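Visitor: attaching a predicted model along with its sequence, questions to come.
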Amino acid sequence: MRPLRRIAVLSLHTSPLAVPGGGDAGGMNVYVRAVSRELVAMGAEVDVFTRSTFEGQAQVERPRPGVRVVHLGGAPADTVAKEDLPLRLPRLAADLRRFADADAAGRYDVIHSHYWLSGTVGLELQRDWQVPLVHSMHTMAKVKNLHLQPGEAAEPPVRIRGEQDIADGAARLVANTLTEASELKELYGTAPERIDVVPPGVDLAVFHPAGRALDRREAGVDDGLFHICFAGRIQALKGPQVLLAAVARLLRQRPGLKLQVTIIGDASGANPLDLGQQIDELGLAGRVRLLPPVTAKELARHFRSADVVAVPSFSESFGLVALEAQACGTPVVATNVGGLPSAVSHGVTGLLVDGHAPDDWASAFGELFEYPAFRTQLGSNAAIHAAAFGWEQTAALTVHSYQHAMDHFSPV
């Protein structure tokens, strides 16, 4: 077994330093940041390469000892949309190479790329550096195209071709769940022996159930008020519009219900949703709070103040929000799709809903409102379930994938 000293992590389209819930920042940002931290704790040095957030940004930041975040020029996030990045990849790759060539720290032992844009560059580096590439898809074009919403454009052929090249050429592929591993096999033809299943983790020091009553009071959630929370990018794929339609249906069924909805996140994507308009059209004014993205500690407080967290996504490779909410002792109502059944145990830690019909979602929320003892039991089970998903385990399994890639890599 070769020693693992230095790791190059590619997260080119979004910085791990960005706050999840807005723009292109989401669970992947949390994933890269947390795993990098744990890899350093295991004795490795990690360089995370990402595009700059704005022109003139300092090239290197050190968020913690052992981790460097290297900002690459040519495609600042404040002016260049993710959709335009394929044409900017050569410039980002050239900037990355210049940094690595001038760096005195020495060669990397392994490259870990996240999302297809990073994987495209990772394939070039695998060939040129003669270092194995481990790749995490996080989301896949063929899967997203199966769940397109009205008004959403299909993922472009350039992405599908890029993902196929990565699936064919990377030394190892990391999948979040068995479902994702199956999708890689069925949709991209990846041999199962090249796939490692590594579940994401949760920061149990931040997301925990202690202090639920206090957080509920500080959030202004009165006794008897049924509080539903949503956190994520405001785009059709994440389903906040489904939540609002279901809440409107629930209120028509139960006109006297004291209910509050908190939606945390910013608009994302080429066709952002106008939730304010939907709230007005559904007559939900005064019942829904729209908040910007918040820090992890603030998010945990919101989750602890809620009776239920809604994850009505149309596609999820795992659903990190669902796991974080459960770690706070809050049951989750989630779509029975993608990796969410791996994160949420139906009838044990929350409820899974088939499809996105407002009646079905209203029924799930109504069941949790009607039976508070059941809701409390789900929350207790949820905290126990989530406690098994520490980032330490994720990092350890990731290192196993790295070692496998290093031990079996054949330079060409």
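Guide: The structure has been received and is ready for your questions. Keep in mind that this is a model prediction, so the values were computed, not measured.
Visitor: residue ranges of each domain in the protein, please.
Guide: Domains of the chain are assigned by automatic domain parsing as 6-201+390-408, 212-386.
Visitor: let's have those in a markdown table, adding mean pLDDT and mean neighbour count.
Guide: For every residue, glycine as well, the C-beta is placed using N, CA and C. Compiled in a markdown table, the domains of the chain are given as follows (pLDDT from 0 to 100; neighbours: other C-beta atoms under 10 Å):
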| stretch | mean pLDDT | mean neighbour count |
| --- | --- | --- |
| domain 6-201+390-408 | 91 | 19 |
| domain 212-386 | 94 | 20 |
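Visitor: show me where the stretch 1-150 of the chain has helices.
Guide: 27-41, 85-102, 115-129, 141-145 (DSSP state H, counting those that start in this stretch).
Visitor: turn these into a markdown table, including distance to residue 279.
Guide: A markdown table is the format used below for these (distance: least, C-beta to C-beta, whole Å):
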| stretch | distance to residue 279 |
| --- | --- |
| helix 27-41 | 25 |
| helix 85-102 | 33 |
| helix 115-129 | 32 |
| helix 141-145 | 27 |
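Visitor: for residue 305, find the nearest of the ones you listed.
Guide: Ranking the helices of the stretch 1-150 of the chain by proximity to residue 305 (C-beta to C-beta) places helix 27-41 first, at 20.4 Å.
Visitor: helices and strands around the closest one, which ones?
Guide: strand 6-10, strand 45-51, strand 60-64, strand 67-72, strand 110-114, helix 320-327, helix 391-408 (3 or more C-beta pairs under 8 Å, 6 or more residues apart in numbering; DSSP states H and E).
Visitor: so which residue of this protein lies furthest out from the middle?
Guide: residue 256 (36.0 Å; C-alpha atoms, centre = their mean).
Visitor: tell me the SS of that one?
Guide: coil (DSSP: H, G, I helix; E, B strand; the rest coil).
Visitor: strands along the stretch 101-250 of the chain, start to end?
Guide: For the stretch 101-250 of the chain, strands defined by DSSP state E, counting those that start in this stretch occupy the ranges 110-114, 133-136, 172-175, 195-197, 226-231.
Visitor: using TSV, lay out those strands together with distance to residue 262.
Guide: Shown next, in TSV, are the strands of the stretch 101-250 of the chain (distance: least, C-beta to C-beta, whole Å):
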stretch	distance to residue 262
strand 110-114	29
strand 133-136	30
strand 172-175	32
strand 195-197	33
strand 226-231	5
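Visitor: surely residue 169 touches residue 125?
Guide: No - Residue 169 is beyond contact range of residue 125, at 11.5 Å (criterion: C-beta atoms under 8 Å).
Visitor: any shared contact partners between those two?
Guide: Here residue 169 and residue 125 have residue 133 as joint contacts, going by C-beta atoms under 8 Å, 6 or more residues apart in numbering.
Visitor: give the contact list for residue 247.
Guide: Counted by C-beta under 8 Å, 6+ apart, residue 247 has contacts 228, 259, 261, 282, 284, 287, 288, 362, 365.
Visitor: inside strands: which ones of the residues you listed?
Guide: 228, 259, 261, 288 (DSSP state E).
Visitor: spatially nearest residue to the second one (excluding sequence neighbours)?
Guide: Pointing back at residue 259 there. In this structure, residue 259 finds its nearest non-sequential neighbour in residue 226, 4.8 Å apart by C-beta to C-beta, 6 or more residues apart in numbering.
Visitor: any idea how far residue 28 lies from residue 316?
Guide: Residue 28 is 12 Å from residue 316, where distance means C-beta to C-beta, to the nearest Å.
Visitor: sorry, back to before: turn the ones in strands among the contacts of residue 247 into CSV, columns for distance to residue 176.
Guide: As requested, those are exported to CSV (distance: C-beta to C-beta, whole Å):
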residue, distance to residue 176
228, 25
259, 33
261, 28
288, 31
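Visitor: ok, those residues vs residue 5, which is closest?
Guide: residue 228 (46.9 Å).
Visitor: who's in contact with the closest residue to the closest one other than its chain neighbours?
Guide: Excluding the flanking residues, the one nearest residue 228 by C-beta to C-beta, 6+ apart is residue 261, at 5.0 Å. Residue 261 sits next to 227, 228, 229, 230, 243, 244, 247, 284, 287, 288, 289 when contact means C-beta under 8 Å, 6+ apart.
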